[in-house]
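K.L.:
Sequence plus the predicted model coming up.
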Amino acid sequence: MYWCAPPASVLGGLIEQVDSVLFLTTHPGFYGHEFLPEVLNKVRELRTSNQKMKIGVDGGIKLENIDEALKSGADLVCVGSGIFLQDDPRKNFLELKAKVKDVGRNSQ
């Protein structure tokens with residue numbers, strides 16, 4: 001089964017009534033699915049058209065891609081397996097947190 005998220009433009013006239021959008025960055029299903037970087041194009045598209053919208057991403061977020069997700073325009077990242085399926089969840093959480101702070105500093 002292949003799933004493809006619709007373009008951000010599908011929000012159309014609803015955009016004025018929506019405070020936030022959460023993009024699924026994996027195929028829907030089970031915990032631990034692979035990150036789909038092409039979804040970040042939709043994040044960029046929405047961010048370009050709406051600077052005030054809160055945008056989140058959820059699915060497949062790990063140390064290797066969290067900076068790319070944030071730089072695409074996401075304000076919020078939801079991380080599950082990127083913490084809890086790792087050898088040292090505490091260490092991974094702290095590293096992810098540091099990366100979020102670092103990306104924030106570099107984007108200002």
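P.N.:
Looks like it arrived, so ask away.
K.L.:
Spatially central residue for the protein, please.
P.N.:
residue 57 (2.4 Å; Cα atoms, centre = their mean).
K.L.:
for that residue, helix, strand, or coil?
P.N.:
strand (DSSP: H, G, I helix; E, B strand; the rest coil).
K.L.:
Just confirm it contacts residue 23, I think it does.
P.N.:
Yes. Counting by Cβ atoms under 8 Å, residue 57 does reach residue 23; the two are 5.1 Å apart. Quick note: C-beta positions are derived from backbone N, CA and C, even for glycine.
K.L.:
which neighbours do the two share?
P.N.:
39, 43, 74 (Cβ atoms under 8 Å, 6 or more residues apart in numbering).
K.L.:
Sort out for me which of the residues you listed are in helices.
P.N.:
39, 43 (DSSP state H).
K.L.:
Buried subset of the shared contacts of residue 57 and residue 23 as a ChimeraX selection?
P.N.:
Buried residues among the shared contacts of residue 57 and residue 23 (16 or more other Cβ atoms under 10 Å), as a ChimeraX selection:
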select :39,43,74
